[in-house]
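J.: Mind looking at a prediction? Sequence and model below.
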Amino acid sequence: MSRRRIIVACVALVVVMGVVAVGVSEARYGRLPWNASPLAASTSKCGAWRIVASPNIVAADNTLQGVAVISRTDAWAVGSSYSGKPLFEHWDGTTWSIVPGPNVYGGLSAVAAASATDIWAVGAYSAIWYNSAYRRTLIEHYDGTSWAVVPSPNVPGVDNALQAVAVAGGTAWAVGSTTHGEASSSPQIPSQATLIERWDGARWSIVPSPNGPIVDHTHAQDDLSSVTIAADGDAWAVGYMYTGKDTSGATLIEHWDGTRWTVMAYSMGEAALHAVTAVSARDVWAAGGHHGNPLLLHWDGSRWNEVTSPGFAPGTSNSLYAITSDPAVRAVVAVGVQTDSDQMQRTLAEAWSGTTAAWNTLDTPDPANVYMDSLNAVSADAAGDVFAVGTSNVSRGGAGATLIEAYVPVPC
């Protein structure tokens, strides 16, 4: 199950934003530039979400899959459009605008920033671009002036795609999967296998990554949807696994200890993790979905534990696709999508309060006359400024448009 693909089951749009620390005033957040003229807004006891105007390349099939907030006046969102090329949008503190990128065919799934002049975006080239039956990994870098494609490795003879990226301390990690199909000839390699790549400051290289248990390698699937780097340099990646026979899907969690990646945990039962964020080495959150309900897991330094998520209306299916944290105020926010019995989709958001040690549902606005929409990614800067991005459709099967919402947290 691939991450941030709303059309199929995009990383459950989950924005989990933490509540600001005691002593931070509401007035401070009331001055956020996007509050001046919101298109729509929703409020809850934990803050307010507001839709911010966002452009589209053409009037068809635009979607945003990743976002990175650097400061109140500097943020990037990436995705794809009907043009067949990656979509780059930039926030200057007042307006979102489209920024030209390299002339390649493909799409971007995620973006992460170390600074305003060191930003990475990942995804996949279109197979047509290579005149091939397989996609290839796509990695692009922004140096403060322009975006450029950076060479990235691929597993030969199979489909390669990257779903997420994280950067810290001069190192970057990108994760995704390789699809071998039923032609996989090795019992140790599933038909879809995990893919992890690392930037060492000079080049990207593939790092060996484990897969979950395999019963039938011709049908087994493993996919990594998200990655995060903790302050101590450890990294976590999460996703989905399927043994290939007589079992439902399961969550997959992998850990980098500075030397190698290992599978830390997996659980069976129609569950999948779409996102992970590290507040500290002993405070890591993962989000996804389980039997139609949001799934939230927490690492306390010794083990992963499931944390209770707010309840939702009967007959709805709810999933979280993205999660972000702000270590400065111990805030966590997750976003995703809620689907009702008529297959209507609406944005979904939850917030973790470090004060009450509980998750709270956040009211999120939907564009006027929308048929379905979702939030695919979320990001916060050190000051607590938050953007979530996704897509919206005005009719079933209709053209998709970019969707960007800003979150103004208050104590709850």
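T.: Right, received. Where do you want to start?
J.: what about the spatially closest residue to Gln192 that is not a sequence neighbour, distance to Asn160?
T.: Leaving aside its chain neighbours, Gln192 sits nearest to Gln221 (4.1 Å; criterion: Cβ to Cβ, 6 or more residues apart in numbering). The C-beta positions use only the backbone N, C-alpha and C, and glycine is treated the same way. Per Cβ to Cβ, to the nearest Å, Gln221 is found 15 Å from Asn160.
J.: Likewise for Ser226?
T.: With Cβ to Cβ as the criterion, Ser226 and Asn160 are 18 Å apart.
J.: which of those two has more neighbours?
T.: Ser226 (29 against 23; other Cβ atoms under 10 Å).
J.: and that one, what are its phi and psi?
T.: phi -160, psi 160 (degrees, to the nearest 10).
J.: Any figure for the gap between it and Trp96?
T.: Distance, Ser226 to Trp96, using Cβ to Cβ: 24 Å.
J.: just Leu64 next, same as before
T.: 10 Å.
J.: Spit out the residues that contact those two alike.
T.: Taking Cβ atoms under 8 Å, 6 or more residues apart in numbering as the criterion, Leu64 and Trp96 both touch 54, 77, 89, 404.
J.: Which strand or helix spans the last one?
T.: When secondary structure is defined using DSSP states H and E, the element that contains Ile404 is strand 400-409.
J.: Just give me how far that strand sits from the chain centre.
T.: How far strand 400-409 lies from its chain's middle: 14 Å, per Cα atoms, centre = their mean, to the nearest Å.
J.: for stretch 308-315, same thing?
T.: 22 Å.
J.: same thing with stretch 126-136?
T.: Stretch 126-136 sits 24 Å away from the centroid of its parent chain (Cα atoms, centre = their mean).
J.: And that stretch, what's buried?
T.: By 16 or more other Cβ atoms under 10 Å, the buried positions in stretch 126-136 come out as 126, 129, 134-136.
J.: Need those in a markdown table (columns: secondary structure, pLDDT and distance to Val333).
T.: Output for these, formatted as a markdown table (DSSP: H, G, I helix; E, B strand; the rest coil; pLDDT from 0 to 100; distance: Cβ to Cβ, whole Å):
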| residue | secondary structure | pLDDT | distance to Val333 |
| --- | --- | --- | --- |
| Ser126 | coil | 81 | 33 |
| Trp129 | helix | 65 | 35 |
| Tyr134 | coil | 85 | 36 |
| Arg135 | coil | 91 | 31 |
| Arg136 | strand | 94 | 33 |
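J.: quick check: mean pLDDT across stretch 262-277?
T.: For stretch 262-277, the mean pLDDT works out to 87.
J.: ugh, wrong one, stretch 287-302
T.: Rounded mean pLDDT across stretch 287-302 is 92.
J.: Please write out the alpha-carbon positions of it in PDB.
T.: The C-alpha trace of stretch 287-302 is given here as PDB (Å, rounded to 0.1, in the frame of the first residue of the first chain):
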ATOM      1  CA  ALA A 287       0.100   6.900  12.700                       C
ATOM      2  CA  GLY A 288      -2.000   4.900  10.200                       C
ATOM      3  CA  GLY A 289      -5.300   2.900  10.100                       C
ATOM      4  CA  HIS A 290      -6.700  -0.300  11.600                       C
ATOM      5  CA  HIS A 291     -10.100  -1.800  10.700                       C
ATOM      6  CA  GLY A 292     -11.400   1.600   9.600                       C
ATOM      7  CA  ASN A 293     -10.100   3.400  12.700                       C
ATOM      8  CA  PRO A 294      -7.200   5.700  13.200                       C
ATOM      9  CA  LEU A 295      -4.100   3.900  14.500                       C
ATOM     10  CA  LEU A 296      -1.700   5.700  16.800                       C
ATOM     11  CA  LEU A 297       1.500   4.100  18.200                       C
ATOM     12  CA  HIS A 298       4.000   5.500  20.600                       C
ATOM     13  CA  TRP A 299       7.700   4.600  21.300                       C
ATOM     14  CA  ASP A 300       8.800   5.400  24.800                       C
ATOM     15  CA  GLY A 301      12.400   4.300  24.500                       C
ATOM     16  CA  SER A 302      11.800   0.600  25.200                       C
END
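J.: Next, the buried residues of it.
T.: By 16+ other Cβ under 10 Å, the buried positions in stretch 287-302 come out as 287-290, 293-299.
J.: Which two among these are spaced furthest apart?
T.: Asn293 and Trp299 (20.2 Å; Cβ to Cβ).
J.: my guess is Asn360 contacts Ala351, does it?
T.: Yes. The criterion here is Cβ atoms under 8 Å, and Asn360 meets it with Ala351 at 5.2 Å.
J.: Walking through this structure, point out its helices one by one.
T.: For the chain, the helices defined by DSSP state H cover 26-30.
J.: Return the helix or strand in it with minimum mean pLDDT.
T.: Of all helical and strand segments in the chain, the minimum by mean pLDDT, DSSP states H and E falls on helix 26-30, at a mean of 24.
J.: Where does pLDDT dip in the stretch 51-200 of the chain?
T.: Under the criterion pLDDT under 70, the flagged ranges of the stretch 51-200 of the chain are 59, 129-131, 181-188.
J.: How far off centre is stretch 197-209?
T.: 20 Å.
J.: In it, which residues are buried?
T.: 197, 199, 204, 206, 209.
J.: Closest to Asn103 out of the shared contacts of Leu64 and Trp96?
T.: Asn103 lies nearest to Glu89 out of the shared contacts of Leu64 and Trp96, by Cβ to Cβ, at 17.5 Å.
J.: so the closest one makes contact with Trp96?
T.: Yes. Counting by Cβ under 8 Å, Glu89 does reach Trp96; the two are 5.2 Å apart.
J.: Spit out the residues that contact those two alike.
T.: Common neighbours of Glu89 and Trp96 (Cβ under 8 Å, 6+ apart) are 54-55, 77, 404.
J.: tell me the mean pLDDT over stretch 214-234?
T.: Averaging pLDDT along stretch 214-234 yields 86.
J.: CA atoms only for it - export them in PDB, please.
T.: Output of stretch 214-234 as PDB, limited to C-alpha atoms (Å, rounded to 0.1, in the frame of the first residue of the first chain):
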ATOM      1  CA  ILE A 214       7.300 -14.200   4.100                       C
ATOM      2  CA  VAL A 215       4.900 -17.100   3.500                       C
ATOM      3  CA  ASP A 216       4.500 -16.900  -0.200                       C
ATOM      4  CA  HIS A 217       7.100 -14.700  -1.800                       C
ATOM      5  CA  THR A 218       5.200 -14.400  -5.100                       C
ATOM      6  CA  HIS A 219       2.400 -12.500  -3.300                       C
ATOM      7  CA  ALA A 220       4.100 -11.100  -0.200                       C
ATOM      8  CA  GLN A 221       4.400  -7.300  -0.100                       C
ATOM      9  CA  ASP A 222       6.400  -4.800   2.000                       C
ATOM     10  CA  ASP A 223       6.300  -1.000   1.600                       C
ATOM     11  CA  LEU A 224       7.800   1.800   3.700                       C
ATOM     12  CA  SER A 225       5.700   4.900   3.700                       C
ATOM     13  CA  SER A 226       7.500   7.300   6.100                       C
ATOM     14  CA  VAL A 227      10.800   8.000   7.800                       C
ATOM     15  CA  THR A 228      12.000  10.200  10.600                       C
ATOM     16  CA  ILE A 229      15.400  11.000  12.200                       C
ATOM     17  CA  ALA A 230      15.700  11.400  16.000                       C
ATOM     18  CA  ALA A 231      18.100  13.800  17.700                       C
ATOM     19  CA  ASP A 232      20.600  11.000  18.500                       C
ATOM     20  CA  GLY A 233      20.900  10.100  14.800                       C
ATOM     21  CA  ASP A 234      18.700   7.000  15.000                       C
END
